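> Need a 3D model of the sequence below.
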Amino acid sequence: MNVTIFFTRDCNLKCSYCYEGEKFSRHMSLELLQPIVSFLQDHMKRTGSSRLNVVTHGGEPMLAFPQIQEFVQQLKLLIPVAKFFITTNGTMMNETMLGFLSEEYEDVSISIDGTQAAHDMHRVFSNQRGSYDRVRENSLRLLERRPDTIARMTVTSANVRHLYQGVVELSQMGFQNILPVPDEGDSGWNEDTMRLLLEECKRITTYLH
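Here you go, the predicted model:
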């Protein structure tokens, strides 16, 4: 069974291509965690499911870290087979968070769009300052603990020209798993930008081989 649970609708970034809709400061309450855990346990019994994959999602999920931490601990006690997955913007990483993600999660993905130019084109704080430096620093800290951390790149018609160089730089940072994802909602995709995307992908294929 695969489930996605939204722990917050808030985010500390103002990404220009965000697909999550309106952000507001609301986190899941700690009181709601036990009913969710009980529901998942009951549903698995009813359906006969032998596996449970849980995506802890947001907004930026690390803004609700205490709730996620408590939820994972509660769920593991009742459903030991549960596996956890998360994608974070990588701007919030203290030692407790790093240790928790490294030890408890099956997959950890960090949203980093390759080069600084490509990343800061879209991924900015509310003051419009780019987030690349902080995300890169935290990525390196996480990679020390989890070399299998996934770099999730959002590719737009505006930053596609940086795609090849972005893959190169992420590889040099230590990422072994790099996932470029074209922004399907981007109205700037046309014959020229799609041709550029193809060219960049061909360069990546040559680089990897």
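> Quick check: bridge partners of Thr154?
Counting by DSSP bridges, Thr154 is bridged to Val181.
> how much space between Leu179 and Val167?
10 Å (CB to CB, to the nearest Å). From N, CA and C alone the C-beta is placed, and that goes for glycine too.
> Now for those two: what residues contact both?
Shared contacts of Leu179 and Val167 (CB atoms under 8 Å, 6 or more residues apart in numbering): Met153.
> Show me which of the two is the more surrounded one.
In this view Leu179 and Val167 are compared by other CB atoms under 10 Å, and Val167 has more residues nearby, 23 against 12.
> Not counting sequence-adjacent ones, nearest residue to the residue nearest to the spatial centre of the chain?
Note on the chain: the residue nearest the mean C-alpha position is Thr87, at 2.0 Å, using CA atoms, centre = their mean. In space, and not counting its chain neighbours, Thr87 is closest to Ser109: 4.1 Å by CB to CB, 6 or more residues apart in numbering.
> what packs against the one helix or strand the residue nearest to the centre of the chain maps to?
Assigned by DSSP states H and E, Thr87 falls within strand 82-88. On a contact count with 3 or more CB pairs under 8 Å, 6 or more residues apart in numbering; DSSP states H and E, strand 82-88 meets strand 52-57, helix 65-78, helix 95-104, strand 107-111.
> Let's see that with 7 Å instead.
strand 52-57, helix 65-78, strand 107-111 (3 or more CB pairs under 7 Å, 6 or more residues apart in numbering; DSSP states H and E).
> rewinding a little: who does the residue nearest to Thr87 form a beta bridge with?
Residues in beta-bridge contact with Ser109 (DSSP bridges): Thr87, Ile150.
> From Trp189, how far out is it?
Where Trp189 is concerned, Ser109 sits at a distance of 23 Å (CB to CB).
> And Leu140, by the same measure?
Counting by CB to CB - Leu140 and Trp189 are separated by 32 Å.
> for Ile68, same thing?
34 Å.
> Between these two, tell me which one has more neighbours.
Relative neighbour count places Ile68 above the other of Ile68 and Trp189, with 27 against 17, counting by other CB under 10 Å.
> Show the pLDDT at the more buried one.
Per-residue pLDDT puts Ile68 at 98.
> now do Cys18
Here the pLDDT value assigned to Cys18 is 88.
> That one: which element?
Cys18 belongs to no helix or strand, assigned by DSSP H and E.
> how far away is the nearest residue to His122 once chain neighbours are set aside from Phe85?
Leaving aside its sequence neighbours, His122 sits nearest to Ser16 (CB to CB, 6+ apart; 4.7 Å). According to CB to CB, Ser16 stands 25 Å off from Phe85.
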